[in-house]
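> Here is a sequence together with a model predicted from it:
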Amino acid sequence: MHCCSNSESDKIDKFFSKKASSFLETFQKNGFEKSQRHLLAGLSKIPVESKTILEIGCGIGFLHRELVKRGASFATGVDISSEMIHFAEEIASSANLTGKTKYLTGDFTEIYAQIEPADVTVLDKVICCYHDLPDLLEKSAARTRSVYAFTLPREKWYNRTAIAVMSFFRTLTGANFHPFYHRHADIINILNKHHFTRLFQESTFIWESYVFMRNV
Ligand SMILES: C[S@@+](CC[C@H](N)C(=O)[O-])C[C@H]1O[C@@H](n2cnc3c(N)ncnc32)[C@H](O)[C@@H]1O
């Protein structure tokens, strides 16, 4: 299914679909980035065996497939980009993971109602791609039973400046997509409201990775 009925979703699809093959080449060459290794380290603090995974903005899907290899029972990957999902499905099939993975193309905030709640939800460098932070956070937290893990740009002046400059020039030139700088406190407040508390936090120069756990 391809569901991109609003223009923000269309912009994200156009931008990231062109990048799908380069995501694959980069991963084949370098493996997981440091921030992804942080996210996996944070997730290793909870037993992932037999857990279900929901990866929103899964790209070509290496993170959730790694969690399946570590014992998760099933993973659902969702991405606005049809090309990212196309690659993710092909890789899962060649890794004999078809029975343990499922893929949906669409904006999570539009298709969330048809997605089963998962034990563990992962958003790796996705929150900074999306304009409506409360909508994405509220709907994804509500679909998460136990663990909510994500990576986003650190709250540093250089990230704020880079995102502002990039957004200004991309808007000026009519480019189809630009990133967003979201305050971490706004995210943490929404997660706290859904009874998640912080279990893990680690950063690189650019990225901050968090793992939150639901305490009720
Ligand atoms: C920077 S890429 C990261 C991909 C992958 N998580 C990784 O780290 O390799 C962000 C991805 O999030 C997807 N995305 C952004 N907002 C989304 C939303 N609301 N629902 C589903 N996918 C979304 C984009 O299409 C893109 O593939």
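Perfect, I can see it now.

> Nearest residue to the middle of the chain?
The chain has residue 123 as the residue nearest its centroid, 2.4 Å off, counting by C-alpha atoms, centre = their mean.

> Which strand or helix spans it?
strand 118-124 (DSSP states H and E).

> now swap in residue 161 and tell me
Going by DSSP H and E, residue 161 is in helix 157-172.

> Show me what counts as buried in stretch 34-53.
For stretch 34-53, a neighbour-count test (16 or more other C-beta atoms under 10 Å) marks 35, 36, 38, 39, 40, 42, 43, 46, 48, 51, 52, 53 as buried. Where you see a C-beta, it was placed from the backbone N, CA and C, and this is true even at glycine.

> Is the residue nearest to the fourth one when sequence neighbours are not counted part of a helix or strand, or is it coil?
Spatially, and ignoring its direct neighbours in sequence, residue 39 is nearest to residue 209 (4.5 Å; C-beta to C-beta, 6 or more residues apart in numbering). Reducing the assignment at residue 209 to three states with DSSP: H, G, I helix; E, B strand; the rest coil gives strand.

> change the start of the numbering to 486 and stick with it
Sure thing, new numbering starts at 486, so read that last one as residue 694.

> Just list whatever residues bridge to residue 694.
residue 636, residue 687 (DSSP bridges).

> Quick check, it in contact with residue 638.
No. Using C-beta atoms under 8 Å, residue 694 is not in contact with residue 638; the gap is 11.2 Å.

> quick one: which of those two has more around it?
residue 694 (26 against 21; other C-beta atoms under 10 Å).
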